[in-house]
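**Q** Build me a structure from this.
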Amino acid sequence: MKTFDPQTTIELEAAAFRRLVEHLRTRTDVQNIDMMNLAGFCRNCLSTWMSDAAADRGLELSKEEAREIVYGMPFKEWKAKYQTDASAEKQAAFQQNRPQDH
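**A** Residues are numbered from 1 along each chain as shown. Modelled structure (predicted):
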């Protein structure tokens with residue numbers, strides 16, 4: 001496995017994260033429940049992980065603030081613009097495969 005110095009590794013990981021977030025911002029057609037059912041994580045998970053990482057470093061970043069970073073706007077606004085109702089099948093799949101922390 002290729003390795004880099006620690007700073008370069010951090011910079012590459014940060015660039016990949018920013019690209020993932022930008023990609024998710026452009027794919028508003030992909031619902032969080034679809035991501036959860038297929039990949040086991042969603043935009044809200046990324047937000048929680050970011051908030052948790054800040055807390056681990058003694059920094060304050062609420063889940064709502066982290067969501068705004070990931071969504072590119074307040075979560076309520078994104079939800080009103082882009083979130084659609086999940087079908088009964090999607091909801092059932094989510095309940096069956098739901099991670100323990102959701």
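**Q** How far off centre is the longest helix along the chain?
**A** In the chain, taking DSSP state H as the definition, the longest helix is helix 6-26. The chain centroid and the centroid of helix 6-26 are separated by 13 Å under CA atoms, centre = their mean, to the nearest Å.
**Q** Output that helix as CSV, restricted to C-alpha atoms.
**A** What follows is helix 6-26 as a C-alpha-only set of coordinates in CSV (Å, rounded to 0.1, in the frame of the first residue of the first chain):
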residue,chain,number,x,y,z
PRO,A,6,1.2,12.4,7.7
GLN,A,7,0.4,15.9,6.5
THR,A,8,0.1,14.8,2.8
THR,A,9,-2.2,12.0,4.0
ILE,A,10,-4.4,14.5,5.9
GLU,A,11,-4.6,16.8,2.9
LEU,A,12,-5.5,14.0,0.5
GLU,A,13,-8.2,12.7,2.8
ALA,A,14,-9.6,16.2,3.3
ALA,A,15,-9.7,16.7,-0.5
ALA,A,16,-11.5,13.4,-1.0
PHE,A,17,-14.0,14.3,1.7
ARG,A,18,-14.6,17.7,0.1
ARG,A,19,-15.2,16.1,-3.2
LEU,A,20,-17.6,13.6,-1.7
VAL,A,21,-19.6,16.4,0.0
GLU,A,22,-19.7,18.4,-3.3
HIS,A,23,-20.8,15.3,-5.2
LEU,A,24,-23.6,14.7,-2.6
ARG,A,25,-24.7,18.4,-2.9
THR,A,26,-25.2,18.0,-6.6
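**Q** Going by neighbour count, list what's buried in it.
**A** 21, 24 (16 or more other CB atoms under 10 Å). For the C-beta atoms, the positions are set from N, CA and C on the backbone; glycine is no exception.
**Q** Thanks a lot, see you next time.
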